[in-house]
Each structure stands twice: as structure tokens, then as C-alpha cells.
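A.B. asks: here are the coordinates; sequence isn't available:
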């Protein structure tokens, strides 16, 4: 059943907390960026203090200007995974609520907040279909040890569980020709490979085959390439070790390492031009958000100001 939450305060205001007097810059932890379809804006998550663990969603221009806080409802301590709809009219995200997590949607200014799911477990990582009519997401039920892929209409109706390979299946993305891109530990527990399959679970293709964690796959705007994050070059293959961003063709060939930095580069997303990426980076300090030019290799950290 769909539940509408009316937020009485805190929506659409210029950020004050988290900015230093005199420079008005957003401090703290920043991550999970996603670029609007027209390439001019981003949404992302922010926490003032890692000890409190309160995450809210913000929007800004892609240059970091025009900073706005979009969420502020106490029912949910953590809000993450914001993604623009293809028509730019909504932002979907997941939020911890009650004893699990649910999928929400709101207008780009933070208004018209709706809870789309009311399901057991942690319902997370929403992703829009190309036409915006569907949302695909994960459902994790810790008591059962399962992570499955589900799909629903964009208004939260007609929820169905997709055919899932054995194992934990994370980060589903619906791409061209009715296919689903995802990661799974179906072959090696604690290691994840990237797969592509039809929505009816036929024609399953394994695109990576290496004992490592390969996840956060994102298809390029032209449908020819994907980027993903992997710790395959970390000497210890540590879950908390070094992660870099890689690119490959959609058939799993021509793998190219894009970043070679200490720390972790996570959650890469494409700019609509297909020439740039935005991602979060963590290197023994607060999470930051960066733009990366695929052609030149130049990387710039975004500073957010009101």
C-alpha cells in the first residue's frame, strides 16, 4: 500500500548548518551523486557528522552552486541513493524507516514526498526504467540472508519479484532492449561479478570473471559501455581496501581502468554527454564528490556553496 508523507518543515531551504561562517561551504560527508538528464544539476547525500549518522538529500548545480536541502523528515534517519527520473520531474531514493528501508519519490524541489513501498526488509537502490514507467530495486531480508531484485510501476503499484539467480543480487539497472544489469555473488560467496540478463531471467551473461568485488555497474547513455567499481587491483582484495573505477564494453571486453588513486572511488554515474563521470571518493577523510573527464583523465572536486 502506498503511503504519502506530508513534510511540514525543512523542505526547500538554503543550507545553514554544515557551512562555516564566512565561506558558506558544505562540510561533512558527501556522496551518492546523480546528474540530472539535462546535465545541469546533481542530487547527492550529506551528513554533518558521521557519529550521528543522519543523512539528508541535497540538490545543487553541477558546479556546486545553488545548494538546497530537499529532505528533512525525522521518520527516517538515513536517506540514500537519490536518482533523477528520465523526465527530471521526480527523484527516487531509499530511506530507513520503522525496522527496515522503503523507496520514496519526491519532486526536484523536495515537495510532494511519497512513500512508494511498504514491504518487509530493506527496500533500497531504486533505478528508473528508460521510459520512467518502472522502478527496479533491491529487497534485502537479513533474517533470510537474501538480496533480490524487484520491479514496480513508478507510482509504487504492481510490485513483483523478478526471477533471481541464486545468491545475493545487487544494484539492478534496466537498460536498452529490456535487459537488466546487476551484480551477484552467485558463483563465489563474498565476491561479486557483473551480469546481464533479460527481465524474464533468460539469456544470463556473466560479464566479469575475477575473484574481486565488482559492483555499481552503470550503462553509458549510448548503451555501448559501462563503468563499475572494483577492488580487483587491491593486493589484499579487502572489502574496505582500494577501489577504482573501470570501464568496459557491454559484452565484457575492453576493460580499462579509469582511476588509479589511493582510497575508494565509488558509485560512478554518467554525465548525459557520455564524456564525464561523477562519483564519490573516500581517502582517509570525509567523502567528497568529483567530476572526471574520461577523455583527458582530469578530475575536479566539487565544492558546494549556497
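C.D. replies: Thanks, I have the structure now. It should be emphasised that the depicted structure is a prediction, and the values quoted were computed from it without experimental measurement.
A.B. asks: So the most centrally placed residue in the chain: helix, strand or coil?
C.D. replies: Centre of the chain computed as the mean C-alpha position; nearest residue by CA atoms, centre = their mean is residue 81, 4.2 Å away. Secondary structure, DSSP: H, G, I helix; E, B strand; the rest coil: residue 81 is strand.
A.B. asks: Could you check how far it is from residue 231?
C.D. replies: Separation of residue 81 from residue 231 (CB to CB, to the nearest Å) stands at 21 Å. All C-beta atoms are positioned from the backbone trio N, CA, C, and that covers glycine.
A.B. asks: Quick check: closest non-adjacent residue to residue 272.
C.D. replies: Leaving aside its sequence neighbours, residue 272 sits nearest to residue 39 (CB to CB, 6 or more residues apart in numbering; 4.6 Å).
A.B. asks: and the residue nearest to the centre of the chain, what does it touch?
C.D. replies: 32, 45, 92, 93, 94, 124, 125, 126 (CB atoms under 8 Å, 6 or more residues apart in numbering).
A.B. asks: give me the element the last one is part of.
C.D. replies: Read it as residue 126. Taking DSSP states H and E as the definition, one finds residue 126 inside strand 122-128.
A.B. asks: quick revisit: tell me who's in contact with the residue nearest to residue 272.
C.D. replies: Shown in contact with residue 39 (CB under 8 Å, 6+ apart): 62, 271, 272, 273.
A.B. asks: What's the local residue count around the first one?
C.D. replies: Neighbour count of residue 62, defined by other CB atoms under 10 Å: 18.
A.B. asks: change the start of the numbering to 729 and stick with it
C.D. replies: New numbering, starting at 729: the last item is residue 790.
A.B. asks: Quick check, residue 941 in contact with residue 917.
C.D. replies: No - contact criterion CB atoms under 8 Å: residue 941 and residue 917 do not qualify, at 11.7 Å.
A.B. asks: So if I had to pick from the two, which one is more boxed in?
C.D. replies: More neighbours surround residue 941 than the other of residue 941 and residue 917, with 22 against 9 (other CB under 10 Å).
A.B. asks: For the more buried one, give its distance to residue 971.
C.D. replies: Taken as CB to CB, the span from residue 941 to residue 971 is 8 Å.
A.B. asks: Could you find the closest non-adjacent residue to residue 914?
C.D. replies: Distances taken as CB to CB, 6+ apart put residue 895 closest to residue 914, at 3.5 Å, once the chain neighbours are dropped.
A.B. asks: Would you mind confirming that that neighbour makes contact with residue 910?
C.D. replies: No - using CB under 8 Å, residue 895 is not in contact with residue 910; the gap is 10.6 Å.
A.B. asks: Looking at the two, which one has more neighbours?
C.D. replies: Neighbour count, other CB under 10 Å: between residue 895 and residue 910, residue 910 has more, with 26 against 17.
A.B. asks: bridging residues for the more buried one?
C.D. replies: residue 923 (DSSP bridges).
A.B. asks: my guess is it contacts residue 946, does it?
C.D. replies: No - assessed by CB under 8 Å, residue 910 is found out of contact with residue 946, at 11.6 Å.
A.B. asks: got any residues that touch both of those two?
C.D. replies: Contacts common to residue 910 and residue 946, judged by CB under 8 Å, 6+ apart, are residue 901.
A.B. asks: Now the terminal residues of stretch 924-931, how far apart.
C.D. replies: Using CA to CA, to the nearest Å, the span of stretch 924-931 from its first residue to its last is 8 Å.
A.B. asks: Now do the buried residues in it.
C.D. replies: Within stretch 924-931, the residues scored as buried using 16 or more other CB atoms under 10 Å are 924, 925, 927.
A.B. asks: Am I right that the last one is in contact with residue 909?
C.D. replies: No - under the criterion of CB under 8 Å, residue 927 is not in contact with residue 909, lying 11.6 Å apart.
A.B. asks: Just give me the residues shared between the contact sets of these two.
C.D. replies: Common neighbours of residue 927 and residue 909 (CB under 8 Å, 6+ apart) are residue 902.
A.B. asks: rewinding a little: remind me which helix or strand the residue nearest to residue 914 belongs to.
C.D. replies: Using DSSP H and E, residue 895 falls outside every helix and strand.
A.B. asks: Also the one 5 residues further on?
C.D. replies: Using DSSP H and E, residue 900 maps to strand 897-903.
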